[in-house]
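S.K.: fold the following and give me the result.
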Amino acid sequence: MNRLTTIPLDRRAARAAASCPASIIPSSIAIVTDAWHPQVNGVVRTLETTCEVLRGWGHRVTVISPDDYVTLPAPTYPEIRLALTAPGAVGRRLGKIAPDAVHIATEGPLGLAARAYCLRRKVPFTTAYHTQFPDYLARRTGLPARAFWPYIRWFHRPADKIMVATETIRSELREQGLTRLAHWSRGVDLGNFTPHAPPPPEYAHLQGPILLYVGRIAVEKNIEAFLACPYPGTKVVVGDGPARAELESRFPDALFLGKKSGVELAGCYAGAAVLVFPSRTDTFGLVIIEALACGTPVAAFPVPGPLDILTDSVGAMAEDLSRAIDAALYCDRADCAAYAAGFSWEKATRHFLAGLVPLARSASQPDYAMQPDRNSGSMHSPRWRSPRS
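M.R.: Residues are numbered from 1 along each chain as shown. Reported below is the predicted structural model:
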């Protein structure tokens, strides 16, 4: 198995952070995202943990999310709430915050509003490519993925930097003409995800090997490929989503445990023989490194995410999932845990900081001296005047 190394990207991010003068490291950061609680997915966990680390380092982080607005359920996926905002509402919020750096995490309504404001006000901003959006929409609509790439190119092209998690995704975006890319890896909570986490009581009488899926139960996750796999043992599904009822009905021999978090989730990983990762639309796969941290090897298709993370010693990839599962069972669990220890949230957050593009400070205003906005009387830096609309 050939692993696409991310070492050059890590070094690039480290050099960028080291060369960034302390005077322009953003102390105030605005993150705009359409993905937030109560959603349970890798994007939300990544943003939540990144915010936690940044705040622990003393940064002021404001998250603009659907929590701040009236929302409607997304078509075919009611668990995802889409924000309904008045014209200019997101821009006014950004103007009031006056952050040193703006990061737009998603391509939804809030991301669109923040993008429009930043372009109109000539405010630099970064974006992130968290999901294989064209493939995701293709699975949900039946249209070809190529039909959605023009929107992705349009949305991300004005960004000063587009943050990506892996070399494979970097290459795919370059092929689409998106070249201003920055590396932003992912981490795992090594204090929670350990091989010593107690397995759930439901595992006690299951026929082994226990084959585990963790994540959203939705069509784009390709869970059916896992549940239909003929490999012997017991299949366990942890998570929830719009496809759960149908899959539970079609695959009665599988055990569906619902949402789990914290130590309970760690125990689900630690007690399983293999984590099966059937998705073809993820850009990374946080559950992969969570499972590895618990000593559980991973079986997956040879697609972005697994291709960038897995090595022969911690997992296996094949177009035939049964072959991948069989090979993964031979991996040493101690090797899996040791390998996952290299993924820390502190390291990933340093990548994020290095990728941000702060507003340039002028010599006459080294501390972002705030000036009154003539229209409102509130205090803003010159480039952060609130829009009138």
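
S.K.: would you mind measuring the gap between the ends of stretch 315-327?
M.R.: Stretch 315-327 has an end-to-end distance of 7 Å (Cα to Cα, to the nearest Å).

S.K.: where does the closest residue to D332 other than its chain neighbours land in three-state SS?
M.R.: Excluding its sequence neighbours, the residue lying closest to D332 (Cβ to Cβ, 6 or more residues apart in numbering) is S313, at 6.9 Å. In this view, the C-beta of every residue, glycine as well, is placed from N, C-alpha and C. Recorded secondary structure, S313: coil (DSSP: H, G, I helix; E, B strand; the rest coil).

S.K.: just give the number of residues close to S313.
M.R.: Residues contacting S313 under the criterion other Cβ atoms under 10 Å number 14.

S.K.: from what I see, it and A337 are in contact.
M.R.: No. Taking Cβ atoms under 8 Å as the definition, S313 is not a contact partner of A337, at 11.5 Å.

S.K.: now do the strands in the stretch 201-350 of the chain.
M.R.: Using DSSP state E, counting those that start in this stretch, the strands of the stretch 201-350 of the chain run over 210-214, 234-238, 255-258, 274-277, 298-300, 315-317.

S.K.: the longest helix in this structure is where?
M.R.: With secondary structure taken from DSSP state H, the chain has its longest helix at helix 42-56.

S.K.: tell me how far the helix or strand just after that helix is from the chain's mean position?
M.R.: For helix 42-56, the following helix or strand on the C-terminal side (DSSP states H and E) is strand 60-64. Distance of strand 60-64 from the chain centroid (Cα atoms, centre = their mean, to the nearest Å) equals 17 Å.

S.K.: now for whatever helix or strand comes next after strand 60-64, which elements pack on it?
M.R.: Using DSSP H and E, the helix or strand that follows strand 60-64 in sequence is strand 70-74. On a contact count with 3 or more Cβ pairs under 8 Å, 6 or more residues apart in numbering; DSSP states H and E, strand 70-74 meets strand 77-84.

S.K.: show me what the strand it packs on pairs with in its sheet, parallel or antiparallel.
M.R.: Using DSSP bridges, the strands paired with strand 77-84 are strand 70-74 (antiparallel).

S.K.: just the mean pLDDT for the partner strand, thanks.
M.R.: What strand 70-74 shows for mean pLDDT is 84.

S.K.: hang on, the earlier thing: let's have the strands of the stretch 201-350 of the chain in CSV, adding mean pLDDT, mean neighbour count and distance to G355.
M.R.: Formatted as CSV, the strands of the stretch 201-350 of the chain follow (pLDDT from 0 to 100; neighbours: other Cβ atoms under 10 Å; distance: least, Cβ to Cβ, whole Å):
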stretch, mean pLDDT, mean neighbour count, distance to G355
strand 210-214, 98, 24, 28
strand 234-238, 98, 22, 31
strand 255-258, 98, 16, 35
strand 274-277, 98, 28, 26
strand 298-300, 98, 28, 27
strand 315-317, 98, 24, 28
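
S.K.: of those, which is nearest V44?
M.R.: Comparison of these against V44 by Cβ to Cβ identifies strand 210-214 as nearest, at 14.5 Å.

S.K.: let's have the strands of the stretch 201-350 of the chain in a markdown table, adding distance to C331.
M.R.: A markdown table is the format used below for these (distance: least, Cβ to Cβ, whole Å):
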| stretch | distance to C331 |
| --- | --- |
| strand 210-214 | 14 |
| strand 234-238 | 19 |
| strand 255-258 | 23 |
| strand 274-277 | 9 |
| strand 298-300 | 8 |
| strand 315-317 | 6 |
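
S.K.: okay, angle between the longest helix of the chain and strand 60-64 too, please.
M.R.: Using axes from the mean of the first three to the mean of the last three Cα atoms, to 10 degrees, the inter-axis angle of helix 42-56 relative to strand 60-64 is 150 degrees.
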